[in-house]
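Trainee: model this:
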Amino acid sequence: MTTLVSKFGGTSVGSAEAIEQAAHLILKQSREWDRQAVVVSAMAGVTDTLTRGALTTASGDDQTYRAVVAELRVRHHHTVDKLLAADGERAQLSATVDSYLEEFASFCRSVDVLGEVTPRAMDAIASLGERINARILAALLRQWGAQSKARDATGLIVTDATFQNAMPLMKATCAQVSARLAPLLDEGVIPIVTGYIGATEGGVTTTLGRGGSDYSAALLAHCLGADEIWTWTDVDGVMTADPRIVPDARVIPVLSYSEVSELAYFGAKVLHPRAIRPVVECGIPLWVKNTFNPSCPGTCIGRQPETTPGTVKAVTAIRRLSMVTVEGRGMMGVPGIAARTFSAVASQGASVLMISQSSSEQSICFVIPTEGVSSIICAVEEEMTLELARRDVDRVWSLDDVVIVTAVGAGMRSTPGVAARIFGALGQGEINVIAMAQGSSDCSVSLVIAADAAAEAVRLIHSKVILNVGH
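Mentor: Reported below is the predicted structural model:
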C-alpha cells in the first residue's frame, strides 16, 4: 500500500480558483496512490488578519476585530458560493464559516475585557483559518464524488504546552494518528487535516510556530510511514536564489536534508528546519511542487546530496541584522569570556545567527536580529561590568544594517577553491566582507556584508559561482 502526504500552503488554497486547482491535484494523486492524507493551510493572509484583530483589541481598539469579521465573512462566503452548488452543502458550510467567525469575535470580546491576549488564547484564535479552509476543501471534494472528511489536527498532533511554538510529543502523536487517521485512509477516505495546529494532552489548542503546516505534514508522514511528501506552493521548487533579486534563478532538482536546512535557516523561503526532522528519521523523500504549474517536476529533498560541478547550489540572504562585537586587549587567555557573553545574550531570548572570533582572542562578534540589539548590548555590558572597569574589555558595540549572505552546497568544506571563487566574485563587485564563518557546516559559507550591497552580492555569487558565467 503506497501512502502519500500532500500539503497545500496558503497561496495554494488562497482563493476559490486555487482551492479548485488543489482539489483537481488531490483527485489526480488519489488515482496514483493507494492512500493519501492532505494537510491544508488557511487561505493566504487569514492567519495574519486574525492575529491583527486580536492584538488591536488587546490594545483597546474594539472596532478592528469587527472589521476583520466582516472582511473574512465576505471572503469565505464568496469562496463557498463560487465552489459549492446551492442544492448541496453551500448553506451548511456558510453557517459553519459564520460559527467560526463568531468564535473569533467572542474571543476578541473577552480580550477587550481583559485588556490582553495570552499565548494560549492567540493559538485558539490563529487556528480558525485552517479549520475553515479544511472544511471548504473537503466539501468540494465530496461534491466531486470523492470520499473526504475534514479533520482537526487537535485530535491528532499531541504537543507540549508551549503555546505559539509547541513541540510535538511523538509517541502520543503516532498513537493518535494510528487510531484516528490511518483507519480513514484504509477505508479510501481522503482526510483534509488542519495544518499548523495541535493540542496538549489535555486537549488545549496549540500552534507549531513558523513553518507549522510543513511540520504538520512531516509529522503525519512519519507516523503513517508514508512513502513521500508533496508540499504544494506557488513556485516551481526550491530556487538557486530569490527570483525577485536574481531574475535568472533556477529550480534545484535535488537537495539533501542538510542543504535545505541550511537554506531555510539562512532566510530562504523553503521548509523550516524543524519540518525536516521527522522525515529525516524515516528517510522519506519530500517534493516541493508548484500548484499552478504541476507539470514542473519540482525539487526532491532526500537523504543523499547530489553534487554539482561548482559545488554551490544556492545563495540566500537574511536582512535586518546587526553585528555585536565584544573587544578588548585584556580578553586574551581569560577563560569563560565567550560563555558569559552568550549567557547574557541567551538571557534576552535572542537567536544568534552567526559567530566569529579572532585567533588572538581579542574580540568576539556575533550577528543577531536588529530589533533586540540594544537590550543585548546592555545585558553583555552588565555581565562584563568588572572587565569593563579593569579595561580587560574595552567596549561592546554594534554595527547595524548588515546582512548575512550564505552560499549553500554539499561538500563545500572538502572542496578546494570554493571560498576563493566566492570572494573573487565579490571582489569583482568591490563588495567588502565584514566577517565570515565556514567549517561549522559542510554545506555552507556565511558572509556578513553591508545591507546596501546585499542584492548585488547575491547576484554576483549566483552568476559567477553557481552559473559559472565568465569562466
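Trainee: hey, where'd the helices end up in the stretch 301-450 of the chain?
Mentor: Ranges of helices in the stretch 301-450 of the chain, per DSSP state H, counting those that start in this stretch, are 337-347, 373-383, 385-390, 418-428.
Trainee: average pLDDT across stretch 111-131?
Mentor: Averaging pLDDT along stretch 111-131 gives 96.
Trainee: ok so, going back, how about the helices of the stretch 301-450 of the chain, which one is nearest residue 279?
Mentor: With Cβ to Cβ as the measure, helix 418-428 is the member of these nearest residue 279 (28.0 Å). Placement of C-beta: from N, CA and C, glycine included.
Trainee: Can you lay out the helices of the stretch 301-450 of the chain as JSON lines showing mean neighbour count and distance to residue 32?
Mentor: JSON lines is the format used below for these (neighbours: other Cβ atoms under 10 Å; distance: least, Cβ to Cβ, whole Å):
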{"stretch": "helix 337-347", "mean neighbour count": "17", "distance to residue 32": "48"}
{"stretch": "helix 373-383", "mean neighbour count": "18", "distance to residue 32": "51"}
{"stretch": "helix 385-390", "mean neighbour count": "13", "distance to residue 32": "65"}
{"stretch": "helix 418-428", "mean neighbour count": "17", "distance to residue 32": "40"}
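Trainee: Present these as a markdown table; the columns should include mean pLDDT.
Mentor: Conversion of the helices of the stretch 301-450 of the chain to a markdown table gives the following (pLDDT from 0 to 100):
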| stretch | mean pLDDT |
| --- | --- |
| helix 337-347 | 92 |
| helix 373-383 | 95 |
| helix 385-390 | 90 |
| helix 418-428 | 91 |
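Trainee: Can I get those in JSON lines including distance to residue 460?
Mentor: Below are those laid out as JSON lines (distance: least, Cβ to Cβ, whole Å):
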{"stretch": "helix 337-347", "distance to residue 460": "32"}
{"stretch": "helix 373-383", "distance to residue 460": "28"}
{"stretch": "helix 385-390", "distance to residue 460": "40"}
{"stretch": "helix 418-428", "distance to residue 460": "4"}
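Trainee: who wins for proximity to residue 444 among these?
Mentor: Among the helices of the stretch 301-450 of the chain, the nearest to residue 444 by Cβ to Cβ is helix 418-428 (10.6 Å).
Trainee: got the domain boundaries for the protein?
Mentor: Residue ranges for the domains of the chain, per automatic domain parsing: 3-234, 314-466.
Trainee: Quick check: which of the ones you listed is buried the most?
Mentor: Across the domains of the chain, the average number of neighbours (mean count of other Cβ atoms under 10 Å) peaks for domain 3-234, which reaches a mean of 20.
Trainee: Run through the residues that contact the closest residue to residue 36 other than its chain neighbours.
Mentor: Closest residue to residue 36 apart from its sequence neighbours, by Cβ to Cβ, 6 or more residues apart in numbering: residue 4 at 4.8 Å. Residue 4 makes contact with 29, 33, 35, 36, 37, 226, 227, 228, 229, 230, according to Cβ atoms under 8 Å, 6 or more residues apart in numbering.
Trainee: Pairing partners for the one helix or strand residue 4 maps to, with directions?
Mentor: Taking DSSP states H and E as the criterion, residue 4 maps to strand 3-8. For strand 3-8, the paired strands and their directions (DSSP bridges) are strand 35-40 (parallel), strand 228-233 (parallel).
Trainee: The stretch 51-200 of the chain: strands as residue ranges?
Mentor: Using DSSP state E, counting those that start in this stretch, the strands of the stretch 51-200 of the chain run over 148-151, 158-159, 190-194, 197-200.
Trainee: The nearest residue to residue 228 once chain neighbours are set aside and residue 348: what is the separation?
Mentor: Nearest residue to residue 228, sequence neighbours excluded (Cβ to Cβ, 6+ apart): residue 285, at 5.1 Å. Counting by Cβ to Cβ, to the nearest Å, the gap from residue 285 to residue 348 is 39 Å.
Trainee: want to throw the strands of the stretch 51-200 of the chain into CSV with mean pLDDT?
Mentor: Shown next, in CSV, are these (pLDDT from 0 to 100):
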stretch, mean pLDDT
strand 148-151, 98
strand 158-159, 98
strand 190-194, 98
strand 197-200, 98
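Trainee: Nearest to residue 234, out of those?
Mentor: With Cβ to Cβ as the criterion, residue 234 lies closest to strand 190-194 of the strands of the stretch 51-200 of the chain, at 19.5 Å.
Trainee: With distance to residue 356 and mean pLDDT added, can I get the strands paired with strand 3-8 in JSON lines?
Mentor: Formatted as JSON lines, the strands paired with strand 3-8 follow (distance: least, Cβ to Cβ, whole Å; pLDDT from 0 to 100):
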{"stretch": "strand 35-40", "distance to residue 356": "39", "mean pLDDT": "98"}
{"stretch": "strand 228-233", "distance to residue 356": "34", "mean pLDDT": "96"}
